[in-house]
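A.B. asks: sequence first, predicted coordinates after that:
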Amino acid sequence: MNKGHLTLKIFLLIVLNDFVDTIAQLLMKKGLIQTGIDSINLSNIIQFTVKSVHSPFLWLGIFIFVLNFFVWIVVLYKVDLSIAMPVGSFCYIFVPICAMIFFRENISLIRWAGIICIVLGIHFVAQSKKPAQGELRANG
């Protein structure tokens with residue numbers, strides 16, 4: 001495999017990374033909701049911090065983020081960052097869908113339009129190829 005090219009294996013690893021990232025986000029959100037604090041300000045920041053620190057959901061989300069970090073390191077080693085980051089935007093799709101399902105969040109039509117634009121962008125980036133050295137010199 002040439003370093004920098006997106007293969008099916010790396011693509012699936014990126015999607016897995018985004019899916020696991022979504023799970024971590026959901027767990028942390030659940031942990032923060034369970035604090036029972038609706039807004040954070042200077043008068044309740046200590047109370048919020050203490051309740052958050054005692055949330056197993058928050059800690060599980062953080063633990064999953066740490067594990068997911070190592071998956072992301074493998075992805076970055078195998079593929080160009082300019083490909084990995086845009087393709088790694090699946091969490092922009094996964095998070096709103098899961099937020100609707102698990103937290104009953106309302107996703108507006110304009111937000112869905114934005115998500116569709118992201119999906120199209122992911123497709124275009126995934127289809128792009130690295131220019132050959134000769135093409136770089138001719139264009140530069």
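C.D. replies: Thanks, I have it. Residues are numbered from 1 along each chain as shown.

A.B. asks: can you tell me which helix in the protein is longest?
C.D. replies: What stands out as the longest helix in the chain, according to DSSP state H, is helix 8-33.

A.B. asks: tell me how far it is from the chain's mean position?
C.D. replies: Relative to its parent chain, helix 8-33 has a centroid offset of 6 Å by C-alpha atoms, centre = their mean, to the nearest Å.

A.B. asks: can you classify I62 as helix, strand or coil?
C.D. replies: At I62 the chain is in helix, as set by DSSP: H, G, I helix; E, B strand; the rest coil.

A.B. asks: ok, it touching M28?
C.D. replies: Yes: contact criterion C-beta atoms under 8 Å: I62 and M28 qualify, at 7.1 Å. C-beta here means a position set from N, CA and C on the backbone, and glycine is covered the same way.

A.B. asks: for the chain, which segments count as helices?
C.D. replies: Applying DSSP H to the chain gives helices spanning 8-33, 45-53, 56-78, 81-87, 91-103, 109-127, 133-139.

A.B. asks: how about the ones you listed in a markdown table, adding mean neighbour count, mean pLDDT and distance to S39?
C.D. replies: As requested, the helices of the chain are arranged in a markdown table below (neighbours: other C-beta atoms under 10 Å; pLDDT from 0 to 100; distance: least, C-beta to C-beta, whole Å):
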| stretch | mean neighbour count | mean pLDDT | distance to S39 |
| --- | --- | --- | --- |
| helix 8-33 | 18 | 92 | 12 |
| helix 45-53 | 13 | 89 | 9 |
| helix 56-78 | 15 | 95 | 18 |
| helix 81-87 | 17 | 83 | 33 |
| helix 91-103 | 15 | 91 | 17 |
| helix 109-127 | 12 | 86 | 23 |
| helix 133-139 | 9 | 51 | 52 |
